[in-house]
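> Build me a structure from this.
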Amino acid sequence: MSKNKGCLAMTIEAAFDEITSAMILAANSRNVCTIELVLYQHGFTQLGDGTPSQKTIWEKQEHSKMLWFQWRWYDQSQAFSIQPDMNILGLELREGNVVLRRSEQRYED
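Alright, predicted model coming up:
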């Protein structure tokens, strides 16, 4: 393996670890804004047309590996029962169709 490939793998692995840590902080503070800053710093691209929705996906591709981040939320309320929204933050490190690592955090707001 060349040195460059090893450095690339470390870079994307380090990004995965840093984003996972940011996801924990976001869940603890119940605020997704902190994770968006980290995604921008790592060069992620937000998919979609920018219209607010219940699912937001970000990704970053480097050669054969990709980091894929998803923030989604849903209303837990039912008839006669007001409940907080559930937020789910998910991160995957993929190589082709294979998921190499996965991390998830949830919080209510």
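
> Apart from its chain neighbours, what residue comes closest to Gly43?
Lys60 (5.7 Å; Cβ to Cβ, 6 or more residues apart in numbering). All C-beta atoms are positioned from the backbone trio N, CA, C, and that covers glycine.

> residues contacting the one you found?
Going by Cβ atoms under 8 Å, 6 or more residues apart in numbering, Lys60 touches Ala15, His42, Gly43, Phe44, Thr45, Met66, Leu67.

> right, and the fourth one touches Phe69 too?
Yes: here Phe44 lies in contact with Phe69, judged by Cβ atoms under 8 Å, at a distance of 6.6 Å.

> Now list whatever residues contact both of those two.
Trp58, Glu59.

> neighbour count winner among these two?
Neighbours per residue, other Cβ atoms under 10 Å: of Phe44 and Phe69, the larger number sits with Phe69, 25 against 20.

> tell me which helix or strand of the chain sits lowest on mean pLDDT?
helix 3-29 (a mean of 81; mean pLDDT, DSSP states H and E).

> Packing partners of that helix?
Applying 3 or more Cβ pairs under 8 Å, 6 or more residues apart in numbering; DSSP states H and E, one finds that helix 3-29 makes contact with helix 33-41, strand 55-62, strand 65-75, strand 85-95, strand 98-108.

> Tell me the bridge partners for the residue nearest the centre of the chain.
The centroid of the chain falls nearest to Phe69 when counting by Cα atoms, centre = their mean (2.8 Å). Applying DSSP bridges to Phe69 gives these bridge partners: Trp58, Leu91.

> doesn't His42 make contact with it?
No: Phe69 is beyond contact range of His42, at 9.5 Å (criterion: Cβ under 8 Å).

> give the contact list for Gln76.
Gln83, Pro84, Asp85, Met86, Glu108.

> is it true that the third one touches Arg72?
Read it as Asp85. No: assessed by Cβ under 8 Å, Asp85 is found out of contact with Arg72, at 10.4 Å.

> In the protein, where is pLDDT below threshold?
1-10 (pLDDT under 70).

> Repeat the analysis, applying 80 as the threshold.
1-10, 49-53 (pLDDT under 80).

> on that earlier part again, got the helices and strands packed on helix 3-29 as a markdown table, with distance to Ile19 columns?
Below are these laid out as a markdown table (distance: least, Cβ to Cβ, whole Å):
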| stretch | distance to Ile19 |
| --- | --- |
| helix 33-41 | 6 |
| strand 55-62 | 10 |
| strand 65-75 | 7 |
| strand 85-95 | 6 |
| strand 98-108 | 8 |
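
> This completes my enquiry, with thanks.
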